[in-house]
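# Model the following, please.
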Amino acid sequence: MQKERIKKIGICADHGGFELKEKMITFLKNNHFEPIDFGAKTLNNADDYPDFVIPLAKAVAVKEVYRAIAICGSGVGACIAANKVSGVRAALITDHFSAHQGVEDDDMNLICLGGRVTGYTSAEELVLSFLNAKFIGAERHVRRLQKIKDLEQ
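Numbers count the residues shown, from 1 in each chain. Just a heads-up that it's a prediction; the model follows:
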């Protein structure tokens with residue numbers, strides 16, 4: 001039986017999500033994922049989320065990482081920035097259903113969380129649901145994704 005490879009998971013946060021990011025890195029390691037930290041590496045209240053989210057999103061787009069987690073204060077800015085990168089399908093996730101359904105139906109590859117609004121236990125649940133979900137690949141889902149890919153061209 002072949003051993004499953006440890007999946008690289010990109011993660012980043014600005015000052016608004018820094019504390020949650022640090023906790024999530026430990027959580028990912030404890031759950032047999034390999035977190036790749038795109039910053040911020042230190043807490044700096046003057047930093048800007050695009051400086052971390054854009055490199056993270058680019059890594060997702062070229063499959064340098066399996067999936068990714070972007071955290072800012074509300075998660076909204078991180079989501080807006082991530083979706084500017086072609087090939088990224090990011091969503092601000094606040095509930096368990098959307099965490100897995102976004103992958104199953106929409107092939108979501110980047111989850112956004114709000115460090116000021118998402119509790120740690122909730123973040124654990126959402127991230128695991130996201131990371132363990134698989135794209136179903138039903139014809140209707142593939143058709144819809146193709147329309148989005150066509151728009152990105």
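# Shouldn't residue 70 be within a strand?
Yes - assignment of residue 70 by DSSP: H, G, I helix; E, B strand; the rest coil places it within a strand.
# Tell me the helices and strands packed up against the helix or strand of the chain with the lowest mean pLDDT.
Least confident helix or strand of the chain, by mean pLDDT, DSSP states H and E, is helix 139-152 with a mean of 93. Helix 139-152 makes packing contacts with helix 96-106 when contacts are defined by 3 or more C-beta pairs under 8 Å, 6 or more residues apart in numbering; DSSP states H and E. Yep, even glycine has a C-beta here, placed from its N, CA and C like the rest.
# Which element is encountered next along the chain beyond the helix it packs on?
strand 110-114 (DSSP states H and E).
# Identify each buried residue in the helix or strand that that next one is followed by, please.
Using DSSP H and E, the helix or strand that follows strand 110-114 towards the C-terminus is helix 120-132. Across helix 120-132, burial judged by 16 or more other C-beta atoms under 10 Å covers 123-124, 126-131.
# Equivalent analysis for stretch 63-74, please.
65-74.
# how close does the nearest residue to residue 103 once chain neighbours are set aside sit to residue 104?
In space, and not counting its chain neighbours, residue 103 is closest to residue 133: 3.6 Å by C-beta to C-beta, 6 or more residues apart in numbering. The spacing between residue 133 and residue 104, counted by C-beta to C-beta, to the nearest Å, is 6 Å.
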